[in-house]
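> Here is a sequence together with a model predicted from it:
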Amino acid sequence: MKRKQDEIKSKKVEKMETQLLVAGGGTGGIAAAIQAARLGIDVVLVERTSWLGGMLTAAGVSCIDGNYELPSGIFGEFRQRIFDYYGGADKVKTGWVSHVNFEPHVGNNILHDMAKNYSNLTIYKNFIFKNLTLNNNKITEVIFTQKNETTISIKPEIVIDTTEYGDLAAAAGCQYDIGLDNSDHEYETPAIQDITWVAILQKYDDEVDRTIAKPDSYDPAQFDGCCAEVATQKHSCDISAKRMMTYGQLPNNKYMLNWPRQGNDYFTNILEKNEQERHKMWQKAREFTLNMIYFLQNEMGYKNIGLADEFPDNQGLALIPYNRESRRFYGLQRMRVDHILHPYQFDYYQSGIAVGDYPLDHHHDRNPEEVEEEYPPIPSYNVPYGCLVSQDVGNLLLGEKNISVSHMVNGTTRLQPVVMQLGQAAGAAAYLSIQKSTLPGKIDIRQLQQILLDNGSYLMPFIDVDKKDSAFEAVQKAGVTGLFQGEGVPYKWANKTYFHPDKEFSRQDLKVLAKVLGINEKVSLNFDDKESIKLEKIFDLISTQYQIDISKISKVNKEQPITRKNLALLLDKNLQLFDKFKIFLNEEK
């Protein structure tokens, strides 16, 4: 990375060139930077706060939602470090919203510790995106400023926008949606999800009174229905105040105040506002959370529970709001609910780079208009790579809640584990783009997927073949190439997809396999419905299109049926699946 400094009208200006610029050090941004740095390219990460991790840390949402049984990639590494810090997985099962609850400052420290290992990763904190320059449909320069008027000018080869609101991509002129997927909806206020200004509270000795000053806008009716003790006909609730308090309970007698039922969610649409306007609206969200704290202390009697000493300057109030929805930009693929409900009717799953298992969960309770939406039960899913690739700017990738998904799908892809994987995939894609001297939209997706597999990521959300299984990689490849299909099952707050590794390879499996391999369907159906399909017959069929010498396969009884897992292993070994079934965006072969 090349740097130099100029003095322009008493303002310090630092100029530099880098291979990759990651704009935003949030949940996606830090993962993108770490992954790219691991692969050996020069990375500059610029973050507007003094913390790393975004919603996981600076926004205080330190109760991880989803992917408990899918510890993919850097998310899995981060989670393991949380376990190690507190002494094991059971030590962080402190609240009931999540199995993984931790203090935000601990997460921030862990991410800083993970990032410090890379000399090719430079991090600038407390810098705000200012503007950029476009040339020939590429971002050629990006400017950030600090409060003391220090300016950094960065000339990158590839840019990843992981800002909270997609400010960089918007400044580049990229097309986006806010709220619903088109602008001619019937709502006067956009159906964007509520934000929350999270607070971290702490339980003190019973005789200690931690009551805050009464906020000017305080009205206890704002929280009618937040718990059973204040339930009304309009806002019913059967959850007691005591149970409500343990919703986001953290280690060391702390609590995350991020209560969704008539709690401290707050509606505001700040996406199109300037910095000054945003600060005014953020202040209202902060005060609304202070109102709820005062309500809990005075109306519910929790005088000994007060703001923790968790965040610099802000005490227990988060550094940034929890934003559930950003501008959502248009990519080379756009993911909709049908792609989750019926993955095998489309080919999006074949370019999968991240997995999620959370339901379609939206927060609209504080919107002044009633937002009418139906949330169908969904199975677990993967996110296609094309959702990360801008359709408008050639060297721009997306890696936060700003990816190319519908408003409805954002209700599940917005969660911390998925966003961390999105960032990791964007970082790996940036590396490939630079290594191959090509644009992100033209890289070999199988090469990207192999990098992600090598770094512990899931490509398909198969819950029954985990990373410790020797067949994990083969099963993942068999899944994204379409040779094997999984069974998706909606299940409460942790949806599932099963590979069924120990099931005998069936006639229906053979039909799927034959179709993907381009084998004549009549040939593939030349089996009796009740007949077990022996390995020799399967390989005889495959050999009509591909060269496989079954005589060289040892330790396998060719006269017996075979399980799905074992066949996936054999096919990957003999066909080299990622070499055989390459895919590109833009229909480039």
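Looks like it arrived, so ask away. Residues are numbered from 1 along each chain as shown.
> any idea how far residue 177 is from residue 43?
29 Å (Cβ to Cβ, to the nearest Å). In this view, the C-beta of every residue, glycine as well, is placed from N, C-alpha and C.
> That should have said residue 398, apologies.
13 Å.
> Going by how many neighbours each has, rank the two and give me the top one.
residue 398 (31 against 21; other Cβ atoms under 10 Å).
> So what pairs up with the more buried one in the strands?
Note on residue 398: beta-bridge partners residue 161, judged by DSSP bridges.
> for residue 118, what are its contacts?
By Cβ atoms under 8 Å, 6 or more residues apart in numbering, residue 118 lies in contact with 34, 37, 38, 43.
> same deal with residue 225?
Neighbours of residue 225 in contact, by Cβ under 8 Å, 6+ apart: 231, 232, 234, 235, 236, 237, 261, 262.
> what's around the fifth one, how many residues?
As a burial measure, the neighbour count of residue 236 was computed by other Cβ under 10 Å and equals 10.
> Ok, the second one next?
Neighbourhood size, residue 232 [other Cβ under 10 Å]: 11.
> mind checking how far the closest residue in space to residue 474 that isn't next to it in sequence is from residue 479?
Of all residues not flanking residue 474 in the chain, residue 572 sits nearest, at 3.9 Å (Cβ to Cβ, 6 or more residues apart in numbering). Distance, residue 572 to residue 479, using Cβ to Cβ: 11 Å.
> Low-confidence regions, this structure specifically.
Across the chain, the ranges flagged by pLDDT under 70 are 2-11, 182-187, 520-532, 548-558, 587-589.
> Surely residue 418 is in a helix?
Yes. Counting by DSSP: H, G, I helix; E, B strand; the rest coil, residue 418 is located in a helix.
> so how far is residue 70 from it?
From residue 418 to residue 70 the distance is 10 Å (Cβ to Cβ).
> Quickly list what's touching both of those two.
Contact criterion Cβ under 8 Å, 6+ apart; residues shared by residue 418 and residue 70: 355, 356.
> and the closest residue to residue 345 other than its chain neighbours, helix, strand or coil?
Among residues not flanking residue 345 along the chain, residue 338 sits closest, at 7.5 Å (Cβ to Cβ, 6+ apart). Classification of residue 338 by three-state DSSP places it in helix.
> Return the alpha-carbon coordinates of stretch 51-69 using CSV.
C-alpha atoms of stretch 51-69 as CSV (Å, rounded to 0.1, in the frame of the first residue of the first chain):
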residue,chain,number,x,y,z
TRP,A,51,-15.2,-0.1,17.6
LEU,A,52,-15.3,-3.1,15.2
GLY,A,53,-18.2,-5.3,14.7
GLY,A,54,-21.2,-3.0,14.0
MET,A,55,-24.5,-4.6,15.2
LEU,A,56,-22.6,-7.3,17.1
THR,A,57,-20.8,-4.9,19.2
ALA,A,58,-21.1,-1.1,18.6
ALA,A,59,-24.9,-1.4,18.3
GLY,A,60,-25.1,-3.7,21.3
VAL,A,61,-26.9,-6.6,19.7
SER,A,62,-24.7,-9.1,21.5
CYS,A,63,-27.2,-11.9,21.5
ILE,A,64,-26.6,-13.8,18.3
ASP,A,65,-29.7,-14.8,16.3
GLY,A,66,-29.6,-17.9,14.2
ASN,A,67,-27.1,-20.4,12.8
TYR,A,68,-26.5,-22.1,16.1
GLU,A,69,-25.9,-25.4,14.3
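> show me where the stretch 401-550 of the chain has helices.
Per DSSP state H, counting those that start in this stretch, the stretch 401-550 of the chain has helices spanning 407-413, 416-436, 445-454, 472-480, 507-517, 521-524, 535-542. These are given in chain order.
> These: which one's closest to residue 64?
Taking Cβ to Cβ, helix 416-436 is the member of the helices of the stretch 401-550 of the chain nearest to residue 64, at 5.3 Å.
> would you list the helices of the stretch 401-550 of the chain in a markdown table and tack on distance to residue 249 and mean neighbour count?
Shown next, in a markdown table, are the helices of the stretch 401-550 of the chain (distance: least, Cβ to Cβ, whole Å; neighbours: other Cβ atoms under 10 Å):
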| stretch | distance to residue 249 | mean neighbour count |
| --- | --- | --- |
| helix 407-413 | 24 | 23 |
| helix 416-436 | 18 | 28 |
| helix 445-454 | 34 | 20 |
| helix 472-480 | 34 | 23 |
| helix 507-517 | 45 | 17 |
| helix 521-524 | 55 | 12 |
| helix 535-542 | 52 | 19 |
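> quick one: residue 111 is in a helix?
Yes. Counting by three-state DSSP, residue 111 falls inside a helix.
> which ones are touching it?
Taking Cβ under 8 Å, 6+ apart, one finds 30, 52, 53, 56, 57, 78 in contact with residue 111.
> Return the list of helices and strands in contact with the host helix or strand of residue 353.
Applying DSSP states H and E as the criterion places residue 353 in strand 352-356. Using 3 or more Cβ pairs under 8 Å, 6 or more residues apart in numbering; DSSP states H and E, the elements in contact with strand 352-356 are strand 381-384, helix 416-436, helix 445-454.
> Could you tell me how far the second one lies from the centre of the chain?
What it means is helix 416-436. 11 Å (Cα atoms, centre = their mean, to the nearest Å).
> next one: the first one
Computed by Cα atoms, centre = their mean, the chain-centroid distance of strand 381-384 equals 11 Å.
> which helices and strands does that strand pack with?
Using 3+ Cβ pairs under 8 Å, 6+ apart: strand 381-384 touches helix 337-341, strand 352-356, helix 416-436.
> which residues touch the nearest residue to residue 499 once chain neighbours are set aside?
Excluding the flanking residues, the one nearest residue 499 by Cβ to Cβ, 6+ apart is residue 462, at 4.0 Å. Contact analysis of residue 462 by Cβ under 8 Å, 6+ apart lists 475, 476, 479, 486, 497, 498, 499.
> one more time with 6 Å
By Cβ atoms under 6 Å, 6 or more residues apart in numbering, the contact list for residue 462 reads 486, 497, 499.
> The second one touches residue 379, doesn't it?
The one in question is residue 497. Yes. Under the criterion of Cβ atoms under 6 Å, residue 497 makes contact with residue 379 at 5.4 Å.
> more crowded one of the two?
Neighbours per residue (other Cβ under 10 Å) separate residue 497 from residue 379, with residue 497 holding more: 23 against 20.
> So which of the contacts of residue 111 wins on neighbours?
Busiest of these [other Cβ under 10 Å] is residue 30, holding 34 neighbours.
> My guess is that one contacts residue 51. True?
No. If you go by Cβ under 6 Å, residue 30 and residue 51 don't touch, sitting 9.9 Å apart.
> Need the residue closest to the centroid of this structure.
Nearest to the mean C-alpha position of the chain, by Cα atoms, centre = their mean, lies residue 419 at 1.5 Å.
> For residue 209, see how far away that residue is.
To residue 209, residue 419 is 39 Å away according to Cβ to Cβ.
> Can you list the buried residues in the lengthiest strand in the chain?
For the chain, the strand with the greatest residue count under DSSP state E is strand 11-23. By neighbour count on 16 or more other Cβ atoms under 10 Å, the buried set for strand 11-23 is 13, 16, 17, 18, 19, 20, 21, 22, 23.
> Now distance to residue 393 too, for those residues, in a markdown table please.
Below are these laid out as a markdown table (distance: Cβ to Cβ, whole Å):
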| residue | distance to residue 393 |
| --- | --- |
| 13 | 25 |
| 16 | 21 |
| 17 | 19 |
| 18 | 17 |
| 19 | 17 |
| 20 | 15 |
| 21 | 13 |
| 22 | 15 |
| 23 | 13 |
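> Just name the closest of these to residue 490, please.
For these, the nearest to residue 490 is residue 22 (34.6 Å; Cβ to Cβ).
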